[in-house]
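K.L.:
mind looking at a prediction? Sequence and model below.
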Amino acid sequence: LTPSISQAGSQLLSFASTAAIASGIVAGTMFSIKAIQDYETALASAQAITGTTNEEFKAFKNQIELVATATKKSSIDVAKAFEIIGSQQPELLKNAAGLAAVTEAAITLSKASREDLESSALSLTSVMNQFSLSHDQAARTMNVLAAGATAGAATIADTSESMKNFGSVAAGANVSLEESVA
């Protein structure tokens with residue numbers, strides 16, 4: 001009986017190993033298919049907000065992939081950030097490189113503040129809008145917000161919220177972004 005039980009256990013173990021490998025392959029394939037579908041959905045949504053043709057959107061898609069690689073963020077998250085930032089700063093919807101610069105700054109701000117990307121993107125673009133700053137000032141704005149949160153008692157979201165009431169007045173009175181955040 002002992003050899004028969006041993007042989008049956010060995011066959012059962014072999015079957016279990018094969019089943020585990022097969023289910024891993026199926027699960028991996030399903031995950032990959034879902035990720036591709038999510039990426040295509042995010043790209044379609046970003047393209048819809050830019051109002052570009054497939055040919056025109058290639059520049060935006062290229063920038064999404066470059067930002068994703070540079071920031072080590074998923075392309076899906078970057079495409080969603082493009083959409084959020086583009087809706088907050090419509091002038092960037094015709095400037096793929098400018099949209100990429102603001103998105104990269106928002107991702108860095110998100111990592112530094114440990115806030116979600118959407119909140120960081122909204123905070124960054126809100127402050128930039130209050131001071132009428134263009135995309136080439138995104139890194140500066142991000143640094144000022146991060147420094148303000150580090151040195152002060154207010155979070156980046158709190159600073160952004162206060163700038164909604166104070167930012168345009170400060171900008172009109174020629175008070176700099178740095179002085180306003182301070």
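P.N.:
Yes, it's here. Numbering: from 1, shown residues only.

K.L.:
mind checking what secondary structure A153 has?
P.N.:
At A153, secondary structure determined by DSSP: H, G, I helix; E, B strand; the rest coil is coil.

K.L.:
that one - how many residues pack around it?
P.N.:
A153 sits with 7 neighbouring residues when counted by other CB atoms under 10 Å. C-beta: built from backbone N, CA, C; applies to glycine.

K.L.:
phi and psi next, for it.
P.N.:
Backbone dihedrals for A153, given as degrees, to the nearest 10, come out at phi -100, psi -10.

K.L.:
also N174?
P.N.:
Here the main-chain torsion angles of N174 (degrees, to the nearest 10) amount to phi 60, psi 30.

K.L.:
try T52
P.N.:
Main-chain torsions, T52, degrees, to the nearest 10: phi -100, psi 160.

K.L.:
secondary structure element for the residue nearest to it when sequence neighbours are not counted?
P.N.:
Using CB to CB, 6 or more residues apart in numbering and skipping the chain neighbours, the partner closest in space to T52 is F60 (6.9 Å). Secondary structure assignment for F60, by DSSP states H and E: helix 54-71.

K.L.:
C-terminal to that helix, what's the next element?
P.N.:
The first helix or strand that comes after helix 54-71 along the chain, using DSSP H and E, is helix 75-88.

K.L.:
what is that next one packed up against?
P.N.:
Based on contacts counted as 3 or more CB pairs under 8 Å, 6 or more residues apart in numbering; DSSP states H and E, the elements that helix 75-88 packs against are helix 2-50, helix 54-71, helix 96-113, helix 117-130.

K.L.:
would you single out the least confident of those helices?
P.N.:
Comparing mean pLDDT across the helices and strands packed on helix 75-88, the lowest value falls on helix 2-50: a mean of 70.
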